[in-house]
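**Student:** Pasting the sequence and the predicted coordinates here, then a few questions.
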Amino acid sequence: MQPFLIAPSILSADFARLGDDVDQVLAAGADVVHFDVMDNHYVPNLTFGPMLCQALRDYGIQAPIDVHLMVEPVDALVPQFAEAGASIISFHPEASRHVDRTLQLIKQHGCEAGVVLNPATPLSVLDYLMDKVDLILLMSVNPGFGGQSFIPATLQKLKQVRQLIDQSGRPIRLEVDGGVKTDNIAEIAAAGADMFVAGSAIFNSPSYRDTIDAMRAELAKVS
Ligand SMILES: O=C(CO)[C@H](O)[C@H](O)COP(=O)(O)O
């Protein structure tokens, strides 16, 4: 397993003062900025695009930016996000007509490449991808909105994907997204996740530092 990474989702940040809010959450100990892109087509919600990613870089944000594309189609946005400063770009395989080509495109543009599985997406979509992905993101809620409850069946799925990753012998990150809180993060880590997206649990808390510290204390219990 690789070191645990905490990735606050800016979906729950204060958009009116986003640069400062992202600065604060990083200063409080977050590792990665999780950037949820929704198009009101693949998912029934609309958020933001490459201009905002560029704006965060221009503001001085240096942490990795983990772009989660909930968009269909995918490919046209890949170069735009790479140029705007994305570090990781992940997409939903069913939203791309040519998954292998999209993965290549992401890598050609210098980013790490991830695929995202919805709660009901079978693991068979990974069958010919394990040698190509840098990250697998398991959705533990249906994509589109923050503040939903963690779907418990994700734990079993995490264990299965952890096995696949270990068998691959590659340093593939296993990220989980949706309903991650201080009181379930240890169980999620024990199931095999090593990267944790948390939006409402962090941004809606009175102290980002206290919440991230509490999450790390829980993670420290997992061997
Ligand atoms: O991708 C997402 C929704 O599609 C969000 O990142 C996710 O739901 C995180 O929010 P929360 O931690 O509040 O559940």
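**Tutor:** Thanks, I have the structure now. Residues are numbered from 1 along each chain as shown.

**Student:** quick one, what contacts the closest residue to residue 155 other than its chain neighbours?
**Tutor:** Spatial nearest neighbour of residue 155, excluding adjacent residues (CB to CB, 6 or more residues apart in numbering): residue 191 at 4.5 Å. Where C-beta positions appear, they are placed from N, C-alpha and C, glycine not excepted. Contact partners of residue 191, counting by CB atoms under 8 Å, 6 or more residues apart in numbering, are 154, 155, 156, 158, 159, 162.

**Student:** residues near the last one, how many?
**Tutor:** Spelled out, it's residue 162. When counting by other CB atoms under 10 Å, one arrives at 18 neighbours for residue 162.

**Student:** next one: residue 203
**Tutor:** For residue 203, the number of neighbouring residues by other CB under 10 Å comes to 20.

**Student:** For it, give me the backbone phi and psi.
**Tutor:** Per-residue torsions, residue 203: phi -70, psi -20 (degrees, to the nearest 10).

**Student:** so how far is the ligand from the residue nearest to residue 155?
**Tutor:** Applying CB to the nearest ligand atom, to the nearest Å, one obtains 17 Å for the distance of residue 191 from the ligand.

**Student:** chain center to stretch 63-75: distance?
**Tutor:** Stretch 63-75 has its C-alpha centroid displaced from the chain centroid by 9 Å (CA atoms, centre = their mean, to the nearest Å).

**Student:** show me where this structure has strands.
**Tutor:** Using DSSP state E, the strands of the chain run over residues 5-8, 33-38, 65-70, 88-91, 112-117, 135-139, 173-177, 195-198.

**Student:** mind putting the ones you listed in TSV, distance to residue 166 and mean pLDDT included?
**Tutor:** Converted to TSV, the strands of the chain look like this (distance: least, CB to CB, whole Å; pLDDT from 0 to 100):
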stretch	distance to residue 166	mean pLDDT
strand 5-8	18	98
strand 33-38	24	98
strand 65-70	22	99
strand 88-91	20	99
strand 112-117	17	98
strand 135-139	12	98
strand 173-177	10	98
strand 195-198	16	98
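
**Student:** As a markdown table, those with mean neighbour count and distance to residue 102 would be great.
**Tutor:** Shown next, in a markdown table, are the strands of the chain (neighbours: other CB atoms under 10 Å; distance: least, CB to CB, whole Å):
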| stretch | mean neighbour count | distance to residue 102 |
| --- | --- | --- |
| strand 5-8 | 25 | 21 |
| strand 33-38 | 25 | 14 |
| strand 65-70 | 27 | 9 |
| strand 88-91 | 28 | 6 |
| strand 112-117 | 21 | 8 |
| strand 135-139 | 25 | 14 |
| strand 173-177 | 25 | 18 |
| strand 195-198 | 26 | 21 |
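
**Student:** can you list those in a markdown table and add distance to residue 218?
**Tutor:** Shown next, in a markdown table, are the strands of the chain (distance: least, CB to CB, whole Å):
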| stretch | distance to residue 218 |
| --- | --- |
| strand 5-8 | 11 |
| strand 33-38 | 19 |
| strand 65-70 | 21 |
| strand 88-91 | 24 |
| strand 112-117 | 24 |
| strand 135-139 | 19 |
| strand 173-177 | 14 |
| strand 195-198 | 10 |
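
**Student:** Including distance to the ligand, could these go into JSON lines?
**Tutor:** Shown next, in JSON lines, are the strands of the chain (distance: least, CB to the nearest ligand atom, whole Å):
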{"stretch": "strand 5-8", "distance to the ligand": "8"}
{"stretch": "strand 33-38", "distance to the ligand": "5"}
{"stretch": "strand 65-70", "distance to the ligand": "6"}
{"stretch": "strand 88-91", "distance to the ligand": "10"}
{"stretch": "strand 112-117", "distance to the ligand": "9"}
{"stretch": "strand 135-139", "distance to the ligand": "7"}
{"stretch": "strand 173-177", "distance to the ligand": "5"}
{"stretch": "strand 195-198", "distance to the ligand": "5"}
